[in-house]
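K.L.:
Have a look at this prediction, sequence included:
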Amino acid sequence: MILPNTFEAAREWHEPASDSDLHAPAKGSLEDDEAHYFCFHRGGLLVSQDESAAQWPVPRAFIALLLAPTELEKHPSRRFIGYWHGKACWGLSFTEQEFQALESIQAHAPSKGLRFEPLRALFNRLPDDVLAIAGRAIQMLEFDRSHRFCGACASLTKLHEGGRSRRCPACGETSYPRVAPAMMVLIKRETMFGRQLLLARSPRFPAGMYSALAGFVEPSESIESCIHREAFEEVGLRLRNIQYFDSQSWPFPHSLMVAYVADYDGGEIRCQEGEIEDARWFTLDALPQLPHRLSIARRLIDAVIAQA
C-alpha cells in the first residue's frame, strides 16, 4: 500500500472467501454498525476536521444520512475491503449529487467540519495504518469503476474470486487490479568532501523539494535495466553496484515502487527536458528539502545517510 508499515496493517485482514462475502461481513463477525467506512470523492477521503487535526472514522450514522434516500448497504459503489481489528472495512465512492448534499449540510452546519481530503494531504494527520487501508480501498474502488465493462466485448462485468478480480459473464475475460511496477534509485559517490547524493526535482514537485530518481518499468524490461535506462535518460549518468533497498505500494494511482541504491560510474549531469527540472550532487550537510518521511524516497535517503 501507501506507507512503509502497510504490511503490518494488512496482516490483520481476512480477505473475503467467496463472492457471497463481498457485500456483507462473514457470519459471526461484528455487526455492520461497527464497521469502518472509507468514503471517497475525486480521490479525497472523507474525514472530520477540528482546529488541530483530521479525524477518522466518520460515524456510520452520519454517512448513512448523507447518502439518504439510498440505503448505505445498497449503495452501488459499496465495496468490501477486508477486516481490521475484527471490524469489517468498506470502501465507498460518493457521486456528485451525494457530494453536493454534503456541501449543503456543511453550509448550514460548518461545525461538523466534514471534508474530502487527498490522501497525500493526510500524511502525518492520520495514523499510518488508517492511511494504508485507505490506499487499498481507493485502488479497489477505482478498479471497480474503470473495469465495470469488459475490455474485450463491452459486457457488464461481475466481481470474481472473492473480489480480487472482475469477470465478464459473456466471454469469460477476467481483469485484475492494475499494479504498475516502478523503480527508484538513489545514486551516491564518495569524494574528498565526503559522500554525495544525486538528487533531482520534477516540475511536479513542491517548490524546493528534491528526491531520488524514479520511473516506470516498460514492457519486457527488468527493474535493473529500467534503473540504468532511467538514470541515463533523465540525468545522463552511468551506474554500478546496484543494490535492492525496499519496496512500497503507492496508490497515486496504482504503483509498486521498488527502491535501490547505486554507485556513480561516470557521466556528466544532463537533465531530461520536461522530466527533470534540476539535478545536482548534494553533500550530506547541505541537503535540500526532502520528501515526506512516510514515503519510500525519504526512507531510502535517510538510510543511505545513516550508513555514511
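P.N.:
Received it, and whenever you're ready, just let me know what you need.

K.L.:
only C-alpha atoms for contact and neighbour calcs from this point on.
P.N.:
Will do.

K.L.:
Can you check the distance spanned by stretch 289-298, start to finish?
P.N.:
End-to-end distance for stretch 289-298, by Cα to Cα, to the nearest Å: 10 Å.

K.L.:
By mean pLDDT, which helix or strand of this protein comes out lowest?
P.N.:
The weakest-scoring helix or strand in the chain, judged by mean pLDDT, DSSP states H and E, is helix 6-10 (a mean of 35).

K.L.:
ok, then the element right after that one?
P.N.:
Sequence-wise, the next helix or strand downstream of helix 6-10 (DSSP states H and E) is strand 36-41.

K.L.:
average model confidence for that next one?
P.N.:
Strand 36-41 shows a mean pLDDT of 93 in the predicted model.

K.L.:
Report all helices and strands that the strand or helix carrying residue 144 contacts.
P.N.:
Secondary structure from DSSP H and E places residue 144 in helix 128-146. Helix 128-146 sits against helix 6-10, strand 36-41, strand 79-84, strand 87-93, with contacts defined as 3 or more Cα pairs under 8 Å, 6 or more residues apart in numbering; DSSP states H and E.

K.L.:
starting at the chain centroid, how far to the second one?
P.N.:
For strand 36-41, the gap between its own C-alpha mean and the chain's C-alpha mean amounts to 15 Å (Cα atoms, centre = their mean, to the nearest Å).

K.L.:
who touches the helix or strand that it is followed by?
P.N.:
Going down the chain from strand 36-41, the next helix or strand is strand 44-49, by DSSP H and E. For strand 44-49, contacts defined as Cα atoms under 8 Å, 6 or more residues apart in numbering pick out 38-40, 54-58, 112-119, 134.

K.L.:
Any stretches of the stretch 1-150 of the chain with poor pLDDT?
P.N.:
The stretch 1-150 of the chain contains residues with pLDDT under 70 at 1-32, 50-52, 106-112.

K.L.:
if we can go back for a sec, for the helix holding residue 144, buried residues please.
P.N.:
128-144 (16 or more other Cα atoms under 10 Å).

K.L.:
Mind telling me what element residue 206 is part of?
P.N.:
If you go by DSSP H and E, residue 206 is not part of any helix or strand.

K.L.:
Pretty sure residue 87 sits against residue 33.
P.N.:
No - Residue 87 is beyond contact range of residue 33, at 9.7 Å (criterion: Cα atoms under 8 Å).

K.L.:
The two: which has the busier surroundings?
P.N.:
residue 87 (19 against 11; other Cα atoms under 10 Å).

K.L.:
Next one: the closest residue to that one other than its chain neighbours relative to residue 45, how far apart?
P.N.:
Of all residues not flanking residue 87 in the chain, residue 35 sits nearest, at 5.4 Å (Cα to Cα, 6 or more residues apart in numbering). Using Cα to Cα, we find residue 35 at a distance of 16 Å from residue 45.

K.L.:
Of these two, give the one with the bigger neighbour count.
P.N.:
Remark: of residue 35 and residue 45, residue 45 carries more neighbours, 24 against 19, as counted by other Cα under 10 Å.

K.L.:
bridging residues for the more buried one?
P.N.:
Per DSSP bridges, residues listed as beta-bridge partners of residue 45: residue 40, residue 117.

K.L.:
who are the neighbours in contact with residue 277?
P.N.:
Applying Cα under 8 Å, 6+ apart, the residues near residue 277 are 200-203, 271.

K.L.:
So it versus residue 198, what's the distance?
P.N.:
14 Å.

K.L.:
tell me the strands in the stretch 101-250 of the chain, going along the chain?
P.N.:
114-118, 158-160, 165-167, 174-175, 180-191, 194-201, 213-216, 239-250 (DSSP state E, counting those that start in this stretch).

K.L.:
Report the angle between the helix or strand in which residue 260 is found and strand 239-250.
P.N.:
Per DSSP H and E, residue 260 falls inside strand 255-264. Strand 255-264 runs at 160 degrees relative to strand 239-250, counting by axes from the mean of the first three to the mean of the last three Cα atoms, to 10 degrees.

K.L.:
Just after strand 255-264, pick out the following helix or strand.
P.N.:
Of the helices and strands lying after strand 255-264 in sequence (DSSP H and E), the nearest is strand 278-283.

K.L.:
list the buried ones in that following strand?
P.N.:
Buried residues in strand 278-283, counted by 16+ other Cα under 10 Å: 278-279, 281, 283.
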